[in-house]
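Novice: This is a predicted model, with the sequence first.
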Amino acid sequence: VQLVESGGGLVQPGGSLRLFCAASGFTFSRYTMSWYHQAPGKERLLVARISSTSGIIYYVDSVKGRFTISRDNAKNTVYLEMSSLKPEDTGMYYCYARSQDTLNSYWGQGTQVTVSS
C-alpha cells in the first residue's frame, strides 16, 4: 500500500498550488480520501474530504472558497487545488485514505507547502 503526495513547494501569498496523491495497493474507489494539514509545531488537522464517488465533499471553514478537492478513480489519484494561499497555510499536507467497507486506513508521507514572500 502506498500513498505518495507531490506538488508542494514555495509560493508567495496569494499564489496557487496543486497537490497530488497517487494511491496504489488497495481498491482506491472504495476509499474516502482526505487531505490534512500540519502546521509547524501544531497538530494534524483535516482540510478536506471527498467520498468514494465524489458525491460528498467537506471543507474546513478556513479553506472554503480557496481549496478544491477532487479525485480520479481511474487514475487512483486525489487532488487538492489550493488558491489564494496564505502564510498560515504553510506546513505539511498529508493524504489519508479510509475504507468505506473495513477498518483499513492509510497515510501518505506528506508534501511540504511554504507560503512566504
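Specialist: Perfect, I can see it now. Residues are numbered from 1 along each chain as shown.
Novice: Can you tell me the centre-most residue of the chain?
Specialist: The centroid of the chain falls nearest to Trp35 when counting by C-alpha atoms, centre = their mean (2.7 Å).
Novice: right, and the secondary structure at that one would be what?
Specialist: strand (DSSP: H, G, I helix; E, B strand; the rest coil).
Novice: who does it bridge with?
Specialist: Ala48, Cys95 (DSSP bridges).
Novice: Please report how far it lies from Tyr58.
Specialist: Trp35 is 11 Å from Tyr58, where distance means C-beta to C-beta, to the nearest Å. C-beta coordinates here come from the backbone N, C-alpha and C atoms, glycine included.
Novice: what about Lys42, distance to Arg18?
Specialist: Distance from Lys42 to Arg18, by C-beta to C-beta: 23 Å.
Novice: These two - which one has more neighbours?
Specialist: Arg18 (14 against 9; other C-beta atoms under 10 Å).
Novice: Contacts only, for that one.
Specialist: Gly7, Tyr79, Leu80, Glu81, Met82 (C-beta atoms under 8 Å, 6 or more residues apart in numbering).
Novice: can you map out the strands along the protein?
Specialist: 2-6, 9-11, 17-24, 31-38, 44-50, 57-59, 67-72, 77-82, 91-99, 105-107, 111-115 (DSSP state E).
Novice: Save those strands as JSON lines, and put in mean pLDDT too.
Specialist: Below are these laid out as JSON lines (pLDDT from 0 to 100):
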{"stretch": "strand 2-6", "mean pLDDT": "98"}
{"stretch": "strand 9-11", "mean pLDDT": "98"}
{"stretch": "strand 17-24", "mean pLDDT": "98"}
{"stretch": "strand 31-38", "mean pLDDT": "98"}
{"stretch": "strand 44-50", "mean pLDDT": "98"}
{"stretch": "strand 57-59", "mean pLDDT": "98"}
{"stretch": "strand 67-72", "mean pLDDT": "98"}
{"stretch": "strand 77-82", "mean pLDDT": "98"}
{"stretch": "strand 91-99", "mean pLDDT": "98"}
{"stretch": "strand 105-107", "mean pLDDT": "98"}
{"stretch": "strand 111-115", "mean pLDDT": "98"}
